[in-house]
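>>> Sequence below, structure please.
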Amino acid sequence: MIKSKKEKETITIDNYLDSHYIHRSNWLRAAVLGANDGIISISSLAIGVAAASSTREPIVLATVAGLVAGALSMAAGEYVSVSSQTDTEKADIEREIKELEEMPEEELKILAQIYEKRGLKKETAMQVAIEFTENDALGAHIRDELGINEISQANPIQAAISSGAAFTVGGVLPLLVILFAPIKNMEYWLYAFTIIFLMVLGSIAAKTGGSSIKKAILRITIWGTIAMVLSALVGYIFGVRV
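Now for the predicted structure:
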């Protein structure tokens with residue numbers, strides 16, 4: 001008799017999140033942001049230059065420069081941003097350690113009030129707070145008072161690498177179009193392929209994150225189109241033929 005998947009794998013505390021999407025949120029956000037920024041930024045830059053250029057070389061030069069600068073900027077910006085978040089979390093944890101040492105009774109009452117607001121009876125909430133405090137007081141306050149857990153904790157290195165690499169991958173796609181598409185009407189070729197790239201990115205991101213594919217495609221396509229149209233207008237308005 002063939003056992004079903006549920007029968008084969010017993011759900012435990014160690015694997016129950018495997019089928020959920022929340023543990024992917026940190027790196028997925030950075031990767032999607034980086035790829036989306038890479039595709040739209042490089043395409044928009046190239047469209048703006050293409051609208052004012054009759055040769056391929058200036059478009060390629062501007063695109064490569066934008067790709068390198070954008071990837072480094074994205075990685076550095078993400079690292080600094082997430083590091084700031086991590087520093088704030090560490091500062092709050094240090095403050096919580098001090099408060100537990102100086103006023104343990106008040107901290108116990110606060111923990112009990114948190115559980116009471118979540119729906120437990122007053123006596124039950126206090127009992128839960130006492131047991132958590134006896135087991136791991138700091139861990140309980142970090143998790144339930146500060147809202148910091150293993151899933152939500154930021155990783156600066158991971159975020160920086162994900163963003164920088166994703167920007168590079170995203171930016172290479174319009175670069176390939178610039179290298180191989182006809183120079184005539186280059187901006188239209190770029191727009192068409194960029195929309196396709198964005199639709200694929202939206203689909204992958206939505207599927208990975210368990211969200212609506214149609215909504216993701218619509219959102220990413222609309223904003224990408226706005227960015228590229230505005231860039232093309234700038235190129236046409238200020239376009240000295242290169």
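>>> can you give me the helices for the chain?
Taking DSSP state H, the helices of the chain run over residues 5-8, 25-50, 57-102, 104-117, 122-144, 156-180, 186-209, 213-237.
>>> Export those helices as CSV, with columns for mean neighbour count and mean pLDDT.
In short, each C-beta sits where N, CA and C put it, glycine included. As requested, those are exported to CSV (neighbours: other C-beta atoms under 10 Å; pLDDT from 0 to 100):
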stretch, mean neighbour count, mean pLDDT
helix 5-8, 8, 48
helix 25-50, 24, 78
helix 57-102, 16, 90
helix 104-117, 16, 91
helix 122-144, 16, 90
helix 156-180, 21, 89
helix 186-209, 19, 83
helix 213-237, 16, 77
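>>> if I look at residue 204, how far off is residue 92?
35 Å (C-beta to C-beta, to the nearest Å).
>>> cool, and residue 156?
For residue 156, the distance to residue 92 - C-beta to C-beta - is 17 Å.
>>> surely residue 86 meets residue 159?
No. Between residue 86 and residue 159 there is no contact under C-beta atoms under 8 Å: 9.9 Å.
>>> What lies in contact with stretch 101-121?
99-100, 122, 124-126, 128-130, 132-133, 137, 140-141, 144-145 (C-beta atoms under 8 Å, 6 or more residues apart in numbering).
>>> now stretch 199-206
28, 32, 35-36, 39, 170, 211-213, 215-217, 219-221.
>>> again, but for stretch 72-80
Contacts for stretch 72-80 (C-beta under 8 Å, 6+ apart): 30, 33-34, 37-38, 156-157, 159-164, 167.
>>> go with 10 Å
Stretch 72-80 is contacted by residues 29-30, 33-34, 37-38, 41, 66, 154, 156-168, 170-171 when judged by C-beta atoms under 10 Å, 6 or more residues apart in numbering.
>>> May I have that stretch as PDB, with CA atoms only?
In PDB, the C-alpha atoms belonging to stretch 72-80 read as follows (Å, rounded to 0.1, in the frame of the first residue of the first chain):
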ATOM      1  CA  LEU A  72      27.700  48.200  -6.000                       C
ATOM      2  CA  SER A  73      25.300  50.900  -4.800                       C
ATOM      3  CA  MET A  74      22.500  48.400  -4.300                       C
ATOM      4  CA  ALA A  75      24.700  46.100  -2.300                       C
ATOM      5  CA  ALA A  76      26.200  48.900  -0.200                       C
ATOM      6  CA  GLY A  77      22.800  50.500   0.500                       C
ATOM      7  CA  GLU A  78      21.200  47.300   1.500                       C
ATOM      8  CA  TYR A  79      24.100  46.400   3.800                       C
ATOM      9  CA  VAL A  80      24.000  49.800   5.500                       C
END
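>>> thinking residue 45 is in contact with residue 60, fair?
No. Using C-beta atoms under 10 Å, residue 45 is not in contact with residue 60; the gap is 11.4 Å.
>>> Select, from the contacts of stretch 101-121, the two members most distant in space.
Spatial extent of those (C-beta to C-beta) is set by the pair 99 and 124 at 24.0 Å.
>>> Please name the nearest non-neighbouring residue to residue 225.
residue 195 (7.1 Å; C-beta to C-beta, 6 or more residues apart in numbering).
>>> For that neighbour, give me its contacts.
Each residue near residue 195 by C-beta under 10 Å, 6+ apart is listed here: 39, 43, 217, 220-221, 224-225, 228.
>>> gap between residue 111 and residue 143?
Distance of residue 111 to residue 143, given as C-beta to C-beta: 10 Å.
>>> tell me, what's touching those two both at once?
Common neighbours of residue 111 and residue 143 (C-beta under 10 Å, 6+ apart) are residue 132.
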